[in-house]
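J.: show me the folded form of this:
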Amino acid sequence: MAQDPAQRSPHRGALSNPDGRYAEHRRETVDDGWWQASEEPLRTTVEVDASRRVISYNASPDIPFDRAVNPYRGCEHGCLYCYARPSHAWLGLSPGLDFETRLFYKPDAATQLARELAAPGYRPAPLALGSNTDPYQPLERRLGLTRAVLEVLHDWRHPAFITTKSALVLRDLERLAAMARENLIAVRVSLATLDAELARRLEPRAASPTRRLATIEALAEAGVPVGVLVSPVIPGLTDVDLERILARAAEAGARMACSQLIRLPHELKDLFQEWLQAHYPDRAAKVLDLIRQCRGGRLNDPRFGHRHSGSGPIAALIAQRFALAARRAGLGTDGGAWHLDSRRFSPPGRPIQRSLFEAPT
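T.: Numbers count the residues shown, from 1 in each chain. I've put the predicted structure just below:
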């Protein structure tokens with residue numbers, strides 16, 4: 001299948017826009033000699049996400065939280081490896097270029113969140129902000145949905161932790177520092193590689209590795225608990241930086257670390273192989289073979305308990321390297337919910353209800 005030259009954008013991660021797995025019809029691009037390269041960059045469009053609920057729940061043993069809020073669907077960062085890409089197929093769109101150019105936002109995310117927190121049966125527990133797509137992607141600068149969600153969480157004294165690769169999180173540093181003083185917030189900064197050129201190809205619209213380390217430092221200096229998420233670990237491509245990332249993050253002020261092996265669910269397998277062949281053809285076969293060795297001979301293993309860590313000797317070696325490097329850097333690796341305080345939760349205007357057996361503070 002020939003590729004539309006107009007889709008070869010240096011500012012995007014995916015190289016194509018294949019149909020999603022739920023598409024009723026299949027499209028195939030054929031080069032009939034009439035293609036004309038366009039100098040116009042691919043435009044980002046934004047639409048309203050009319051979901052009726054904003055908190056999503058999960059029962060996965062692979063992640064240390066059971067609830068999350070994602071103000072956006074799709075992500076303009078364009079990270080090629082993003083495991084959220086296949087979720088765009090649920091919207092009848094492509095996990096390829098559609099994922100990074102056709103974005104959706106929840107305009108009433110903060111209002112919906114307050115309504116759900118006020119439900120009589122709601123019981124607080126640390127909430128993940130940005131578990132699917134980055135809550136501080138470029139669109140947030142204009143719409144401010146994450147800022148509004150943070151305001152609700154702070155007002156209601158609800159614990160949360162943020163995962164981002166964007167320096168835009170520092171815009172809300174004052175509120176994050178205030179929440180941190182009440183043990184209500186923590187931040188994980190995602191960092192896959194220290195190689196600026198590789199990062200530009202993998203994550204074309206995300207902050208540079210140097211800027212992310214500076215973000216960790218700024219958060220730490222403000223008293224915000226901050227950690228580094230080494231993700232994804234791509235054997236044969238990014239794993240060479242594993243030890244250096246942990247050491248540099250610790251020097252910047254990170255207190256904990258966790259990592260995730262690359263996941264390639266559904267359409268992402270083909271998108272990744274296409275990208276790898278285009279950018280690193282000399283290493284493509286080796287990288288894919290190493291991933292298969294970590295995934296039981298396949299490029300993806302969806303089983304609970306294996307999705308983030310993999311299996312086999314290569315995955316075990318990566319895990320050992322991570323544990324040793326984190327220990328040397330003095331980083332915690334328990335991966336829990338940062339031991340944030342859920343006891344402070346209280347709707348505005350109501351006193352905090354404490355246990356009869358809890359000592360006053």
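J.: report the buried residues of the lengthiest helix in the chain.
T.: The single longest helix within the chain, with elements called by DSSP state H, is helix 313-329. Residues Ile314, Ala315, Ile318, Arg321, Phe322, Ala325, Ala326, Ala329 are the ones in helix 313-329 that count as buried (16 or more other C-beta atoms under 10 Å). Any C-beta I mention is one placed from the backbone N, CA and C, and that applies to glycine too.
J.: low-confidence bits of this protein, can you list those?
T.: For the chain, applying pLDDT under 70 flags the ranges 1-10, 22-40, 335-337, 349-361.
J.: what are the boundaries of the strands in it?
T.: 45-48, 55-57, 67-69, 72-73, 102-105, 127-129, 160-164, 185-190, 226-233, 256-261 (DSSP state E).
J.: want to throw those strands into CSV with mean neighbour count and distance to Trp338?
T.: Converted to CSV, these look like this (neighbours: other C-beta atoms under 10 Å; distance: least, C-beta to C-beta, whole Å):
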stretch, mean neighbour count, distance to Trp338
strand 45-48, 12, 32
strand 55-57, 13, 19
strand 67-69, 21, 15
strand 72-73, 24, 23
strand 102-105, 20, 27
strand 127-129, 23, 11
strand 160-164, 24, 6
strand 185-190, 24, 4
strand 226-233, 25, 8
strand 256-261, 23, 8
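J.: could the ones you listed go into a markdown table alongside distance to Leu198?
T.: Below are the strands of the chain laid out as a markdown table (distance: least, C-beta to C-beta, whole Å):
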| stretch | distance to Leu198 |
| --- | --- |
| strand 45-48 | 29 |
| strand 55-57 | 32 |
| strand 67-69 | 29 |
| strand 72-73 | 25 |
| strand 102-105 | 25 |
| strand 127-129 | 27 |
| strand 160-164 | 20 |
| strand 185-190 | 15 |
| strand 226-233 | 12 |
| strand 256-261 | 17 |
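J.: to Ile245, which of those lies closest?
T.: Closest approach to Ile245 among these (C-beta to C-beta): strand 226-233, 5.3 Å.
J.: neighbouring strands of the closest one in the sheet, and parallel or not?
T.: Strand 226-233 sits in its sheet next to strand 185-190 (parallel), strand 256-261 (parallel), going by DSSP bridges.
J.: run the chain-centre distance for the last one.
T.: To tie it back to what came earlier, the one meant is strand 256-261. Distance of strand 256-261 from the chain centroid (C-alpha atoms, centre = their mean, to the nearest Å) equals 12 Å.
J.: same deal with stretch 262-270?
T.: With C-alpha atoms, centre = their mean as the basis, stretch 262-270 stands 15 Å off its chain's centre.
J.: going by neighbour count, list what's buried in it.
T.: For stretch 262-270, the buried set under the neighbour-count rule, 16+ other C-beta under 10 Å, comprises Ile262, Arg263, Leu264, Pro265, His266, Glu267, Leu268, Lys269.
J.: which other residues reach that stretch?
T.: 18, 20-21, 81-83, 85-86, 89, 94-96, 232-235, 272, 291, 299-300, 302, 307-308 (C-beta atoms under 8 Å, 6 or more residues apart in numbering).
J.: so Leu91 touches Arg73, yeah?
T.: Yes. With contact defined as C-beta atoms under 8 Å, Leu91 counts as touching Arg73 (7.2 Å).
J.: where do the helices sit along this structure?
T.: For the chain, the helices defined by DSSP H cover 97-101, 109-117, 138-143, 145-155, 173-181, 196-202, 209-221, 242-252, 268-279, 284-294, 313-329.
J.: in TSV: these, plus distance to Gly13.
T.: Output for these, formatted as TSV (distance: least, C-beta to C-beta, whole Å):
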stretch	distance to Gly13
helix 97-101	6
helix 109-117	25
helix 138-143	14
helix 145-155	22
helix 173-181	28
helix 196-202	7
helix 209-221	16
helix 242-252	20
helix 268-279	7
helix 284-294	17
helix 313-329	23
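J.: just those helices: most buried one?
T.: helix 97-101 (a mean of 26; mean count of other C-beta atoms under 10 Å).
J.: just how off-centre is that one within its chain?
T.: Put simply, helix 97-101 sits 16 Å off its chain's centre (C-alpha atoms, centre = their mean).
J.: equivalent analysis for stretch 125-142, please.
T.: So, by C-alpha atoms, centre = their mean, the centroid of stretch 125-142 is 8 Å from its chain's centroid.
J.: got the contact list for Ala177?
T.: By C-beta under 8 Å, 6+ apart, the contact list for Ala177 reads Ala222, Gly223, Val224.
J.: wait, which of those is closest to Arg212?
T.: Closest to Arg212, out of all of those and judged by C-beta to C-beta, is Val224, at 14.6 Å.
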